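>>> Following is a predicted model, sequence given first.
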Amino acid sequence: MSSKPSAIIFGGLNTCSRALAALLVPPEGERLVSHLRIVDRFSVNPPTTYLGAEFPKVLAQPDVEYRQANLTIPSAVASAFDPPPGKAPYSYVFDLTGEINHDRSEVIAIKLTFNVARIIGLEAARRKVNAYVRLQQPVYETSDKGPHDEKEDVKPVRPLDVWWHETLRMLASIDDLPLVVLRIGFVYGPYVEFGLYPLVITVASIYGYMNKPMKTPWGPGKDGVNTVHIDDVSGGLWACAKWIASLGRQQANLTAGEKIYFHNDRTKVKDTEGTCIPDVQPVAPVFNLVDDSEMTMAKGGSMITEFFGTTFEFYSFFENAMAKLKLDDVVEEINEHHVGTWTEMLQTSNPPIVQTPLDAYMDHWALSRRKLSYNNSKIKKVIGYKLIRPQFTHDALREVVDKWKAEGSWPALEGR
């Protein structure tokens, strides 16, 4: 029997699990786990979500399995925990589940975020796994005074976000679960097409193509929009798993436990099975993970637009005031400037781009103000994690664009 742990990843095929799988079982290089199973609702053959050019190579290896399953069904989750014949039980569980589409209803958020994680968490506790790592997407808003450490009570923003947060309270209340929470910033990197930064990168390229400045109503742009490279999301998840497995939940709580406060509607919690009592503050190890760039809107916008040969600007005071009053109208006006141009760029590419996972439409969510500023010192000090990509750079952006070009997702335009 291998001395390496076996691992199972739930969810995240449309977010971070592909990169995590590539770290755990790289097509070239030493494996970190003896067997890997990935379980999600999507199909991979044929694909019903974006996979990127390299993930199929990960799946083609021996002792790597993808299972399509409905994670809202307890029996399907229980079956997913059963190892293949002759293989050791899964000892490391990575929970990357959760609804990320911000236009989904609260009912869907409860079903696909809270309920799914509860089913997986309870089964993992029953199976007595050694590590259960929960990835928490950037669903919080921090105050102007930052960066914020893990002890500070950051607030979830939208109803969808509230249920991501409520999910942490529920998981933390499962006493026998070796839980550790990794709370990340906005993700970027090769084959990352979800979230804020891939959208900003795409739109900045359009304004570069048009030789026009890209503008935002949220001046002066000092709000934090902290970044984290996908390589560090994967590395952080693995570091957390090894750390909790070596300590156990009780000692991990003593070393790095944080209270998880209530931020929901008491009536809704009362009506939802499995929620934690509002007056209770369950404790679990929590770690922030962002890079050292201390990224703000102004800094990030300027770096990305500069990469594409244009500038990042703010609306005038009058335009800014009007935008805040009539954001819905501004959404359509802003998109009129660039969405058609993105289609033009795809069509004039050599060769033309027929299908891409990248979207240029900036909806109300994309244009809303962001405030996310985390202190990342705890994960460095307690776990000893060293950032793989400590800075957001033009070289990193070039790698992102070049890999999209190579797979045919990004327009190849003459002179660009």
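In hand now; what should we look at? Numbers count the residues shown, from 1 in each chain.
>>> hey, let's count contacts and neighbours off CA atoms from now on
Noted.
>>> What are the buried residues along stretch 228-245?
For stretch 228-245, a neighbour-count test (16 or more other CA atoms under 10 Å) marks 228-245 as buried.
>>> Over to stretch 171-186?
171-174, 176-186.
>>> first to last residue in it, what's the distance?
Counting by CA to CA, to the nearest Å, you get 23 Å between the two ends of stretch 171-186.
>>> Could you tell me how far it lies from the centre of the chain?
Taking CA atoms, centre = their mean, to the nearest Å, the mean C-alpha location of stretch 171-186 is offset from the chain mean by 15 Å.
>>> per-residue confidence averaged over it?
On average, the pLDDT along stretch 171-186 is 97.
>>> Of the buried residues of stretch 171-186, which is the nearest to Leu289?
Taking CA to CA as the measure, Ile184 is the one of these closest to Leu289, at 4.8 Å.
>>> I'd like the distance between the closest one and Arg127.
Applying CA to CA, the value for Ile184 to Arg127 is 27 Å.
>>> go on, Ala53?
Going from Ala53 to Arg127 by CA to CA gives 34 Å.
>>> that older thread, restricted to helices, list the buried residues of stretch 228-245.
The members of the buried residues of stretch 228-245 that map onto helices under DSSP state H are 230-245.
>>> What residues sit buried inside stretch 29-44?
In stretch 29-44, counting by 16+ other CA under 10 Å, buried: 32-42, 44.
>>> What helices and strands are in contact with the helix or strand harbouring Ala406?
Ala406 belongs to helix 394-407 when assigned by DSSP states H and E. Counting contacts by 3 or more CA pairs under 8 Å, 6 or more residues apart in numbering; DSSP states H and E, helix 394-407 packs against helix 297-307.
>>> Check what contacts whichever helix or strand comes after the helix it packs on and list those residues.
Next helix or strand after helix 297-307 toward the C-terminus (DSSP H and E): strand 312-314. Residues outside strand 312-314 that contact it (CA atoms under 8 Å, 6 or more residues apart in numbering): 213-220, 298, 301-302, 305-306, 320.
>>> now with 7 Å?
Residues from elsewhere that reach strand 312-314 (CA atoms under 7 Å, 6 or more residues apart in numbering): 213-219, 301-302, 305.
>>> Lowest pLDDT pick from those residues?
Among the contacts of strand 312-314, Gly219 carries the lowest pLDDT, at 73.
>>> doesn't that one fall inside a strand?
No: assessed with DSSP: H, G, I helix; E, B strand; the rest coil, Gly219 is coil; it does not lie in a strand.
>>> Now it: closest residue in space that isn't a chain neighbour?
Spatial nearest neighbour of Gly219, excluding adjacent residues (CA to CA, 6 or more residues apart in numbering): Phe314 at 5.6 Å.
>>> That neighbour: neighbour count?
Neighbours of Phe314 under the rule other CA atoms under 10 Å: 17.
>>> how about low-confidence regions in this protein?
1-2, 316-329, 415-416 (pLDDT under 70).
>>> All the strands of it, in order from the start?
Applying DSSP state E to the chain gives strands spanning 7-10, 36-40, 64-68, 92-95, 131-136, 140-141, 155-156, 179-184, 186-188, 214-216, 227-229, 257-259, 283-289, 312-314.
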